[in-house]
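Colleague: Predicted model, plus sequence, below.
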Amino acid sequence: MTKFKTRRKSERQFAWEYLRRNRLCSIEELLVLSAMNEESLRGFFGQLERAGYVKQRHEMRSKRSPRVFASRVYTLVKNTGILCPVWVEKQKRLFDRNERAMRAKDPYMELPVTVNAEGRICPVDPLKYDMGRIRQILKNQTELITREELMERSGLSKNAFDAAYRAIQEEAGNVEEVQKTAV
């Protein structure tokens with residue numbers, strides 16, 4: 001006879017399952033049913049809302065709960081599966097374990113914008129932005145650094161880092177070719 005270890009459910013997983021079951025979820029109910037405190041629940045639902053999983057329906061003001069957040073009601077918009085999305089702090093994104101995909105970047109970490117000659121605001125190309133991050137780290141670095149350390153310090157995903165690093169190397173190769181032909 002084999003015994004299976006039961007893993008304790010995380011508080012986020014409990015809240016996610018409750019949301020999937022009920023589709024319409026009052027924060028006040030979750031505060032009573034789960035062991036999560038209000039601050040943790042606010043952070044979790046903020047992440048879910050920015051990633052498009054839930055949407056705030058309305059606020060129910062009650063005599064029992066004068067607090068604003070506790071009176072909110074959310075509805076589930078995107079049900080991807082039984083496992084709750086996980087916050088990846090290093091990349092500031094939600095990872096959906098059901099679809100095995102990254103969802104949304106933290107809106108507080110937006111890409112910068114540039115103003116072109118006509119005065120219109122244009123978003124910066126993400127590849128050029130990533131290249132700039134890598135160049136800035138290399139510029140401020142006094143001693144030699146390995147490629148893995150550079151990737152870790154940049155905070156980029158492996159694919160984004162590889163694309164930006166390759167583009168920097170290609171630019172450096174083009175500059176050397178131009179210098180050789182000029183001589």
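Modeller: Yep, that arrived. Numbering: from 1, shown residues only.

Colleague: Can you give me the distance of Arg147 to Ile134?
Modeller: 10 Å (Cβ to Cβ, to the nearest Å). All C-beta atoms are positioned from the backbone trio N, CA, C, and that covers glycine.

Colleague: Run through this protein and note the low-pLDDT ranges.
Modeller: Filtered on pLDDT under 70, the chain yields the residue ranges 1-8, 59-67, 103-122, 175-183.

Colleague: okay, now the domains of it?
Modeller: Domain assignment of the chain by automatic domain parsing yields the ranges 11-107, 112-177.

Colleague: for those, which one ends up most surrounded?
Modeller: Highest mean neighbour count of the domains of the chain: domain 11-107, a mean of 15 (counted as mean count of other Cβ atoms under 10 Å).

Colleague: Which neighbours do Arg147 and Ile134 have in common?
Modeller: Tyr165 (Cβ atoms under 8 Å, 6 or more residues apart in numbering).

Colleague: Please, which helix or strand holds the closest residue to Leu24 other than its chain neighbours?
Modeller: In space, not counting the residues next to it along the chain, Leu24 is nearest to Thr75; the distance is 5.3 Å by Cβ to Cβ, 6 or more residues apart in numbering. Assigned by DSSP states H and E, Thr75 falls within strand 72-76.

Colleague: Past that strand, which element shows up next along the chain?
Modeller: That would be, after strand 72-76 and using DSSP H and E, strand 86-88.

Colleague: Now name the helix or strand holding Cys25.
Modeller: In the assignment (DSSP H and E), Cys25 maps to strand 24-26.

Colleague: which helices and strands sit right next to the helix or strand following that strand?
Modeller: Once the chain leaves strand 24-26, the next helix or strand it forms, by DSSP H and E, is helix 27-33. Here helix 27-33 touches helix 11-22, helix 38-51, strand 72-76, going by 3 or more Cβ pairs under 8 Å, 6 or more residues apart in numbering; DSSP states H and E.

Colleague: does Arg12 really touch Leu94, like I thought?
Modeller: No - using Cβ atoms under 8 Å, Arg12 is not in contact with Leu94, being 10.9 Å away.

Colleague: Would you mind listing the residues touching both of those two?
Modeller: Val86.

Colleague: center of the protein - which residue?
Modeller: Most central in the chain under Cα atoms, centre = their mean is Arg93, positioned 1.2 Å from the mean C-alpha point.

Colleague: Find the nearest non-adjacent residue to it, please.
Modeller: Met102 (4.8 Å).

Colleague: For the one you found, name its beta-bridge partners.
Modeller: In this entry, Met102 is beta-bridged to Phe95, by DSSP bridges.

Colleague: for it, what are its contacts?
Modeller: 88, 91, 93-96, 157.
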